[in-house]
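*Asks:* With the sequence up front, the predicted model follows.
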Amino acid sequence: VRLGEIRARAAARARDWVNEPARSMTPTRLAGVAGELARAHGLSLEVWDEHRIEAERLGGLAGVAAGATEPPRLIRLAYEPDGATATLAFVGKGITFDSGGLSLKPPTGMMTMKDDMGGAAAVLAAVAAAAELGLAVRVVGWVAATENMPGGSATHPGDVLVARNGTSIEVLNTDAEGRLVLADALSLAAEESPDAIVDVATLTGAQVVALGKGVAAVMGTDAGLVAAVVAAGARAGEPTWELPLVDSYRKQLDSEVADVKNIGKAGEAGSIIAGLFLREFVPADRRWAHLDIAGPAWSDEDRDWYAKGGTGWAARTLLELARGWEA
């Protein structure tokens, strides 16, 4: 009963954060949410403001934030129990509103874009739930939070950003911004050498086309980790389907002016291309999986046990993964 209560609370928290209007759920407010969780559950918390973000060379996050009035935040929320020998890093996309930037979305495409921090919500909820359960595994949550807005100082298509790990990125579409902020957060997570890294993001429309609203996409560099994520999703009632990281598609990301560009060919394997992009920011010796929850993170109607709006998708999957890791 207690496990069910904690699972439900994790999902409900994530839903509430996603459903809050973007005017109030700003990056600063999301950092405040992390602070509330830290105080309530004895978690460690570190928040970087826009000046620290620049000083720490988080060029992807800073570049996406450049057009917004609201300042960005980088959040590290960690459950670190005594005696833990294993570490899981969860990385969440925290775009609190996505207009598309200068590559502006059509009006209907923006109507639910307060949900673009669904990955961040799942990560924060899962870290808190791990603490509530007293798991014997260290769980570190990383969230890169910003709005993506078309202000006068916004990143232009054709600009080049440099991520934390030194990779230069030609930005050809500013609406492919989630992968830019994740590039920095993944780099930071990898620097701590965790046993595994799992990122969660409302990343691509192609995921919705491929799998619809009821199944998330998963891909990664380690077959065992991907299988563990799929199994955790099955236990949590959040089904996932593995997509391949097709190495021959990697050339679509080749840039004439940078190490990589942030999009591939229009209309071709968009979710896989995004996964291949993210792989550039995880060392080859690090176990990594990527969950694309673009479709499942939001429901346009009451269905199953989901109310209309944010679903809290992946909070329970991450918690189940941590529980399985402990075992």
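*Replies:* Alright, I've got the coordinates. In this text the structure is predicted, and so the values were computed from the model without any measurement.

*Asks:* Helices of this structure, residue ranges please.
*Replies:* 2-19, 27-41, 50-55, 59-65, 107-110, 118-133, 178-191, 205-211, 223-236, 270-279, 315-326 (DSSP state H).

*Asks:* Now distance to residue 250, mean pLDDT and mean neighbour count too, for those helices, in a markdown table please.
*Replies:* Every C-beta, even on glycine, is put in place using the N, C-alpha and C of the backbone. Output for the helices of the chain, formatted as a markdown table (distance: least, C-beta to C-beta, whole Å; pLDDT from 0 to 100; neighbours: other C-beta atoms under 10 Å):
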| stretch | distance to residue 250 | mean pLDDT | mean neighbour count |
| --- | --- | --- | --- |
| helix 2-19 | 32 | 97 | 19 |
| helix 27-41 | 32 | 98 | 19 |
| helix 50-55 | 28 | 98 | 15 |
| helix 59-65 | 19 | 98 | 28 |
| helix 107-110 | 28 | 96 | 11 |
| helix 118-133 | 23 | 98 | 30 |
| helix 178-191 | 14 | 98 | 27 |
| helix 205-211 | 17 | 97 | 19 |
| helix 223-236 | 18 | 98 | 18 |
| helix 270-279 | 5 | 98 | 24 |
| helix 315-326 | 27 | 95 | 24 |
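
*Asks:* Would you indicate which residues of stretch 253-268 are buried?
*Replies:* Buried residues in stretch 253-268, counted by 16 or more other C-beta atoms under 10 Å: 253, 258-264.

*Asks:* that older thread, of all the helices of the chain, which lies closest to residue 75?
*Replies:* helix 27-41 (5.0 Å; C-beta to C-beta).

*Asks:* what's that closest one in contact with?
*Replies:* 17, 43-45, 47, 65, 70-73, 75, 77, 79, 94, 96, 117, 120, 124, 127-128, 131-132, 143, 145-147 (C-beta atoms under 8 Å, 6 or more residues apart in numbering).

*Asks:* 7 Å - rerun?
*Replies:* Under the criterion C-beta atoms under 7 Å, 6 or more residues apart in numbering, residues 17, 43-45, 47, 70-73, 75, 77, 94, 96, 117, 120, 124, 128, 131-132, 143, 145-147 lie in contact with helix 27-41.

*Asks:* again, but for stretch 154-170
*Replies:* 56-60, 63-64, 66-67, 101-103, 171-174, 180, 183-184, 187-188, 255, 257-262, 280-281.

*Asks:* Just the buried residues of stretch 253-268: which are in strands?
*Replies:* Counting by DSSP state E, the part of the buried residues of stretch 253-268 found in strands is 260-261.

*Asks:* Residue 249: neighbour count?
*Replies:* The number of residues packed near residue 249 is 17, by other C-beta atoms under 10 Å.

*Asks:* Thought residue 271 was touching it, still the case?
*Replies:* No: judged on C-beta atoms under 7 Å, residue 249 makes no contact with residue 271 at a distance of 10.9 Å.

*Asks:* count of neighbours near the residue nearest to residue 265 when sequence neighbours are not counted?
*Replies:* Nearest in space to residue 265, with sequence neighbours left out and distances taken as C-beta to C-beta, 6 or more residues apart in numbering, is residue 252 at 5.5 Å. Using other C-beta under 10 Å, residue 252 is surrounded by 18 other residues.
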